[in-house]
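> Dropping the sequence and predicted coords here.
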Protein chains: 2
Amino acid sequence: MNADIFLIGSGQTRFAEWWDKSISDLLQEAAYEALEHSPCKPSEIDMVIVANMIAERTNGQAHLGAIASALFPHNPPALRVESACASGAVALHTACGMLESGRAKNILVIGVEKMTDVPVSEVSAALMGAADSEKDAPSGLTFPGIFGLIAQRYMYEHGLTREQLNTVSAVHHRNALSNPFAQFRMEIPAEKISQSPNVAEPLCMLDCSPISDGAAACILSTTHESDMKIVASQLASDAVSLTDRKSITSFSATKTAMEKALEEADTDRKNISHMEIHDCFSIAALINVEDLGFAEPGKGIELYEQTESVPSINASGGLKACGHPVAATGIKQVTDVSKQLRASGNRWGLAQNFGGACASCGIHILEHTPVS
Amino acid sequence: MNADIFLIGSGQTRFAEWWDKSISDLLQEAAYEALEHSPCKPSEIDMVIVANMIAERTNGQAHLGAIASALFPHNPPALRVESACASGAVALHTACGMLESGRAKNILVIGVEKMTDVPVSEVSAALMGAADSEKDAPSGLTFPGIFGLIAQRYMYEHGLTREQLNTVSAVHHRNALSNPFAQFRMEIPAEKISQSPNVAEPLCMLDCSPISDGAAACILSTTHESDMKIVASQLASDAVSLTDRKSITSFSATKTAMEKALEEADTDRKNISHMEIHDCFSIAALINVEDLGFAEPGKGIELYEQTESVPSINASGGLKACGHPVAATGIKQVTDVSKQLRASGNRWGLAQNFGGACASCGIHILEHTPVS
C-alpha cells in the first residue's frame, strides 16, 4: 500500500427481501449507518464509489454514483464500478487507489443491489451477464448450471461425495445464527441440504446463495485513524468463458490475487485468523480455500469437517446464509472481517470476493491493531 | 496531478451501425489500434479500465473488465466503470488515480457501446437509467424529453430562436466532413435541422445525437513518455433529478469540474485552443460553452455563429455527427483533442463529457509539448 488506509466506519442493511424499500432507501440506510459510526463528518466525504451489478436491469437505474452522491448536500465526485459479483471488492480497490493517489481523503464505498423487484427469470438472465455472452450464455447455461458443471468435475477429480458437500451450507447456516444482518438465520441439518430441490445436478437449492436486497457501506480514510487498516488490496482476472480455462476446479485469479495480497501485506497465510470467502455455491467455498492455500487440492472439505477451522471461514454465514445482494457482498465481507478481528482481538483477516466463475477476484487483507 | 501521465497511444473504431461486429470485436479493434500506435508492448499493460453504460441491457454482457482483460494472454487486473454518458471521462479519471497511486504504470482505457442490437425503445429505456428512476422516469420522460424541457426553458430565459439553434448541429456536421471515424460525414444546411421530424418540442431529430456502435481506446502511462500529457482530470456531481435543480439552463457540475481542472492544470481558459464538448443535444452545446466560461449565459450561440470560434469547438463533429456510443464518447473526445493539438501545434486542449442532464461531469485538460 502506498498510503495508510484506515477503515473508519461501516454500516449495512439487513440482507433480505425488502419489498418496501427502494434502491435509494438501501443506499441511504447503509451510508448513514457508516457515517454514524465514524469520526468523519458527512461534509468530509470527498468521493463516493458505488458498487452495483444489475440495477440497470432490475431497477432501470444506472448512474448510481450520482444517485449516492446526492445523499450529500455538497455532491462529492462519484462513480460506479462493476465487475459482476466482485463489484464490491473492485470498489474497495478503486477507493484504495484513489486514496493512495491523494485525490481523496475520505471515501464512502457502498455496494447495493435490489434484486427482488423483477421476476427470478429476469434476475437469472441479468446475473448471466457475468459470463461470456458470446461463448457461454448461448448454450443456455445459467450460473447454477456453470457451478453444477464445476461441482461434477470436482467430484470426479477428487472423489468428493454429495453427502460431504452438505457440510458447507450447514456450517454457513449455523454461523449465521449469530449475525443479525443475515437473511437466513436458521440452523439447517446437513442432510437437508441434498434433500432440497435439485437446481443443477449435483447442486440443490440449499447449495446456492439466494437472491437478496441490501446495501453495505464503509468509509476508508487517510486522515482519520482507527484500529483497522487495509494492508492489501489486489485484483486479478482470468478468462471469462469456462471454455477458455485450463481447469474448472481451481481458479487462477484467486491464486494470483492471494499471492500478491500476502506480498503487499507482508504477512503469511498462517497469520490469517478470520476470512470471508465467496461461497456463491457450496462447491465454490471448497475451491476457494484450496486456491487461497489453506488446503491441498481436493481437501478443502476437511476444513469444513473440523469443529472449528483455523482461520475461521465465513463466520458471518457467508453468501449462502447472509444473502448475496451481489455488489454489496464484497464490502460486507470486509466489514464482517473487521468485526471478527475486533471480537477476537486477533491481528489479520482476509476477504475474498469473486465475479462470474472467478473471472475477476478481489482480495483484501485487514490488519487490526487493538487499542491498548 | 500527482504524477506525469502521458497519453501514449489511441485507437477507435468508426462510430457507426456495426451489424457484423460484436461488443468484443469492437473492444478488440480499438484496443489493438491503440497498442499498434504506442511504444508500450501488450505485456506491459498492467490494468484495463472499461467504460460502458448499457451493455447489460443491450448485449446481456456485464463484467466487461474481465472480457477486455482476456484480450491479453497475461489477463491484467481489470474493472468497468459507469457514470451514464460520462462513463468515458470517469474511466480516464479512475486511470489517472490508479497511475498516481503507483498501482499501475500502463493502463488501457477503453470505452465501448453496442447499441443497435436491440429495438430503439429498449435503447431509450436503457438510456433513461441515467436519470432518476424514482423521480423522473415515472413521469414518462425520455432524454429527448428532458432536453426538450431544458431547451424550452433556455429559449424562454434567453430569447434563443429555433432558427439560431439550427446553427449548432449544422456546424457539427460540417466539422465531421474531415473526420474519417464519424458516423455522419455529411453537410446539413442549417434550415434542414428544424425541418427534420419533431422529437420533443422544440428539439428535432437533427438536434439529437444518434444511437451508435463503437469503441475508443487510449493508453495512459507513467513510464513511457510522449508529447501529450493529461494535466487535469476532474469529476463533479449534481442532483440527478431535474426536480432537485436550482436551474435547468446551467449545469453546476460543469462549472465545478472546470474550475478545479483549470486549477489543477495551472492554466487559464484563454489558453485553451481546442475543446470537445458533450453535445448530446444541440441545446446542451450552448449550455456547456457557457458553463465552461467561454460565453456569458444566453450567449453561447454567438460562438457557433462565428466563422471560426476560439477555442475550436467539436472539430471532430461532436456527438451529433461523430455518433455517440455512450461510454466511448468521453475517451474519443480526449483522443480527438490530442489529434487537434498535434495538427495545430498548440499547447492546451480540453474535453468535457457529461452524464444524464449533467448529474456527472468529467473534464480533462491536455498539454501538448511539440517535439523540437
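Everything's here; your move. Numbers count the residues shown, from 1 in each chain, chains lettered A, B, ... in the order given.
> Flag the shaky bits of the stretch 151-300 of chain A, pLDDT-wise.
In the predicted model of the stretch 151-300 of chain A, no residue satisfies pLDDT under 70.
> Where do the helices of it begin and end?
A:162-176, A:190-193, A:252-265, A:282-291, A:300-305 (DSSP state H, counting those that start in this stretch).
> Now the third one: buried residues?
Right, helix A:252-265. By 16 or more other Cβ atoms under 10 Å in any protein chain shown, the buried positions in helix A:252-265 come out as A:252, A:253, A:254, A:255, A:256, A:257, A:258, A:260, A:261, A:262, A:264, A:265. Where you see a C-beta, it was placed from the backbone N, CA and C, and this is true even at glycine.
> ok, and which of the helices of the stretch 151-300 of chain A has the densest surroundings?
Compared across the helices of the stretch 151-300 of chain A, helix A:282-291 shows the largest average neighbour count, a mean of 27 (mean count of other Cβ atoms under 10 Å in any protein chain shown).
> Next one: that helix, is it in contact with chain B?
No. Shown here: helix A:282-291 not in contact with chain B (Cβ under 8 Å from any Cβ of the partner chain), separated by at least 15.1 Å.
> what's the angle between that helix and helix A:252-265?
40 degrees (axes from the mean of the first three to the mean of the last three Cα atoms, to 10 degrees).
> re the thing from before, so which of the buried residues of helix A:252-265 would you say is closest to residue B:59?
Of all the buried residues of helix A:252-265, residue B:59 sits closest to residue A:253, with 22.9 Å by Cβ to Cβ.
> separation between the closest one and residue A:357?
Distance, residue A:253 to residue A:357, by Cβ to Cβ, to the nearest Å: 10 Å.
> Next up, phi/psi of residue A:41, please.
Main-chain dihedrals, residue A:41, degrees, to the nearest 10: phi -80, psi 150.
> What sits closest to residue A:183 if chain neighbours are left out?
Distance criterion Cβ to Cβ, 6 or more residues apart in numbering or on different chains; nearest residue to residue A:183, sequence neighbours excluded, is residue A:323 at 3.2 Å.
> let me redo that: residue A:74
Going by Cβ to Cβ, 6+ apart, residue A:74 has residue A:43 as its nearest residue, at 6.0 Å.
> what's the distance between that neighbour and residue A:251?
42 Å.
> Look at the two and report which has more neighbours.
residue A:251 (26 against 11; other Cβ atoms under 10 Å in any protein chain shown).
> Look up how far chain B lies from that one.
12 Å (Cβ to the nearest Cβ, to the nearest Å).
> Now do the contacts for the residue nearest to residue A:74.
The contact partners of residue A:43, taken as Cβ atoms under 8 Å, 6 or more residues apart in numbering or on different chains, are A:72, A:73, A:74.
> Am I right that it is in a strand?
No. Residue A:43 is assigned helix when assessed by DSSP: H, G, I helix; E, B strand; the rest coil, not a strand.
> For residue A:53, see how far away it is.
Using Cβ to Cβ, residue A:43 is found at 30 Å from residue A:53.
> got it, and residue A:6?
27 Å.
> more neighbours, the two?
residue A:53 (32 against 22).
> What does the pLDDT read for the more buried one?
Looking at residue A:53, its pLDDT reads 98.
> hang on, isn't it packed against residue B:62?
Yes. Between residue A:53 and residue B:62 there is a contact under Cβ atoms under 8 Å: 6.0 Å.
> what sits in contact with each of those two?
Joint contacts of residue A:53 and residue B:62 (Cβ under 8 Å, 6+ apart) are A:82, A:84, A:126, A:129, A:130.
> would you list those residues in a markdown table and tack on distance to residue B:157, secondary structure and pLDDT?
Formatted as a markdown table, those follow (distance: Cβ to Cβ, whole Å; DSSP: H, G, I helix; E, B strand; the rest coil; pLDDT from 0 to 100):
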| residue | distance to residue B:157 | secondary structure | pLDDT |
| --- | --- | --- | --- |
| A:82 | 38 | strand | 98 |
| A:84 | 45 | coil | 98 |
| A:126 | 42 | helix | 96 |
| A:129 | 43 | helix | 97 |
| A:130 | 47 | helix | 97 |
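> Could you identify the most distant pair in those residues?
A:82 and A:126 (11.8 Å).
> still on that earlier bit, where's the residue nearest to residue A:183 relative to chain B, distance?
Distance from residue A:323 to chain B, by Cβ to the nearest Cβ: 20 Å.
> now do residue A:39
Taking Cβ to the nearest Cβ, one finds residue A:39 at 24 Å from chain B.
> Please confirm that that residue is located within a strand.
No. Membership of residue A:39 in a strand is not supported by three-state DSSP, which gives coil.
> Any residue of stretch A:269-278 touching chain B?
No. Counting by Cβ under 8 Å from any Cβ, chain B is not contacted by stretch A:269-278; separation bottoms out at 14.5 Å.
> Buried residues, that stretch. List them.
Buried-residue list, stretch A:269-278, by 16+ other Cβ under 10 Å: A:269, A:271, A:272, A:273, A:274, A:275, A:276, A:277, A:278.
> Kindly check the end-to-end length of that stretch for me.
Terminal residues of stretch A:269-278 are spaced 17 Å apart (Cα to Cα, to the nearest Å).
> which phi and psi does the residue sitting nearest the centre point of chain A have?
Nearest to the mean C-alpha position of chain A, by Cα atoms, centre = their mean, lies residue A:330 at 3.0 Å. Backbone torsions of residue A:330, given as degrees, to the nearest 10, read phi -60, psi -30.
> Show me which residues of the stretch 151-300 of chain A sit near chain B.
Near chain B, when you scan the stretch 151-300 of chain A using Cβ under 8 Å from any Cβ, you find A:234, A:235, A:236, A:237, A:238, A:239, A:240, A:244, A:253.
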